[in-house]
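Peer 1: Using only what follows, build the 3D model:
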Amino acid sequence: MTSIKFAAIDIGSNAVRLLIMSISPEDATETFTKELMIRVPLRLGQESFMSGKIADKKAKQLVRLMKAFKHLLKVYDVTDYRVCATAAMREAKNAKEIVKEIKNETNLKIEIIDGHEEALIIYESHFYYNLNDNQNYVFVDVGGGSTEISLIANGELIESKSYNIGTVRLLNNKVESDEYDKMHTDLFELKEQYVITDIIGSGGNIIKLNTLAKLRKDRKLSVTVLETLNETLKQHSVDELMEIYKLKADRADVITYAADIYLDVAKSIGAKNFIVPKIGLIDGIIHLLYAKRKSKKKNKANDVVIEESADDDTVEVIIEK
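Peer 2: Numbering: from 1, shown residues only. The predicted structure follows:
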């Protein structure tokens, strides 16, 4: 059975990710199968949020990485791809020059998307097929440079908003107080209008926190458990977190900041639990690519099988400092 391969590249504030997935159009269940997942912790936001631009050394690393990814797209015979850059590139004054250089060197087109579009793409990851249509949810994706918050009611996406609150920003003390004020005001309005008990948490940090909580499969991560875990993690240094919990360096120094954001949102809306599907921006990109290719006939929810990507079987590439 012939399969079609799609690729998604997410140029994030903390890491750059490549996901290649295949699907057999003749397969009635439309199963997405992960072929390759690579995560490289470039941490572009470290410079972008501090100085307003990405330094030459880091820019050259990104260009080299895109060249490597371009070769992998050829090796895997990818039919279609999409490259999206988020907060770090949005704020870098030299982002257009870097995008142009990458286009010249690799012929890869990079889209610098805003926070609203980022939230909408993540929503397209199809995690909602397992949700209760009679229940309200808040979807929260915490990244290095921004946090996207979406409201889902009656199985429909009602609204999505983005805030310049992220783990790399917090690490560098670059979150403005008015961003918190704006987020809390919006969350208070949500709480007044909707009853929300479960938050859908997206992003590498919440997936890792969920793993560290050692819950049985398919169990929700309660706010109480996450709060206790976060307090425990904060008692250790970054080196200790790497040694005790086997965290990568770029995860260890931001994971408690991520937990703080998730807990802040949960307490602001009165949520009790987190549902943690292993999905993110790259998953949404893949599904949009497939939707663009196939016919306009819509899939029934129970006809779609998702193989979650996230951190499972991810190739971690370490950049020498």
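
Peer 1: Disregarding flanking residues, what is the spatial nearest neighbour of Ile121?
Peer 2: Leaving out its chain neighbours, the residue that sits closest to Ile121 by CB to CB, 6 or more residues apart in numbering is Gly284, at 4.0 Å. Backbone N, C-alpha and C define where each C-beta goes, glycine included.

Peer 1: Could you do Tyr194 as well?
Peer 2: Nearest residue to Tyr194, sequence neighbours excluded (CB to CB, 6+ apart): Asn136, at 4.6 Å.

Peer 1: Okay, and the beta partners of the one you found?
Peer 2: Ile196 (DSSP bridges).

Peer 1: The helix or strand harbouring the residue nearest to Ile121 - contacts with which helices or strands?
Peer 2: Per DSSP states H and E: Gly284 is located in helix 281-293. Applying 3 or more CB pairs under 8 Å, 6 or more residues apart in numbering; DSSP states H and E, one finds that helix 281-293 contacts strand 4-11, strand 16-23, strand 32-40, strand 80-85, helix 115-123.

Peer 1: Give me the pLDDT for the nearest residue to Thr33 once chain neighbours are set aside.
Peer 2: Excluding its sequence neighbours, the residue lying closest to Thr33 (CB to CB, 6+ apart) is Ser22, at 5.1 Å. Listed pLDDT for Ser22 reads 94.

Peer 1: now do Gly280
Peer 2: 85.

Peer 1: correct me, but it touches Asn14?
Peer 2: No. Applying CB atoms under 8 Å as the test, Gly280 and Asn14 come out as separate, 12.0 Å apart.

Peer 1: Using TSV, lay out the helices and strands packed on helix 281-293 together with distance to Arg293 and mean neighbour count.
Peer 2: Below are the helices and strands packed on helix 281-293 laid out as TSV (distance: least, CB to CB, whole Å; neighbours: other CB atoms under 10 Å):
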stretch	distance to Arg293	mean neighbour count
strand 4-11	7	24
strand 16-23	9	24
strand 32-40	13	19
strand 80-85	7	21
helix 115-123	16	21
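
Peer 1: Just give the closest residue to Ile23, not the sequence neighbours.
Peer 2: Per CB to CB, 6+ apart, closest to Ile23 is Phe32, 5.3 Å.

Peer 1: how close does the one you found sit to Leu289?
Peer 2: In this view, Phe32 and Leu289 are 11 Å apart by CB to CB, to the nearest Å.

Peer 1: Same question for His184.
Peer 2: His184 sits 36 Å away from Leu289, going by CB to CB.

Peer 1: Same question for Asn94.
Peer 2: From Asn94 over to Leu289 (counting by CB to CB), the distance is 28 Å.

Peer 1: same deal with Thr167?
Peer 2: Thr167 sits 28 Å away from Leu289, going by CB to CB.

Peer 1: Could you do Gly280 as well?
Peer 2: Gly280 sits 15 Å away from Leu289, taking CB to CB as the criterion.

Peer 1: what's the lengthiest helix in the chain packed up against?
Peer 2: In the chain, with assignment by DSSP state H, the single longest helix is helix 56-75. Identification of packing neighbours for helix 56-75 by 3+ CB pairs under 8 Å, 6+ apart yields strand 4-11, strand 16-23, strand 32-40, helix 95-106.

Peer 1: per-residue pLDDT, the closest residue to Asn107 other than its chain neighbours?
Peer 2: Nearest residue to Asn107, sequence neighbours excluded (CB to CB, 6+ apart): Lys70, at 7.4 Å. pLDDT, Lys70: 97.
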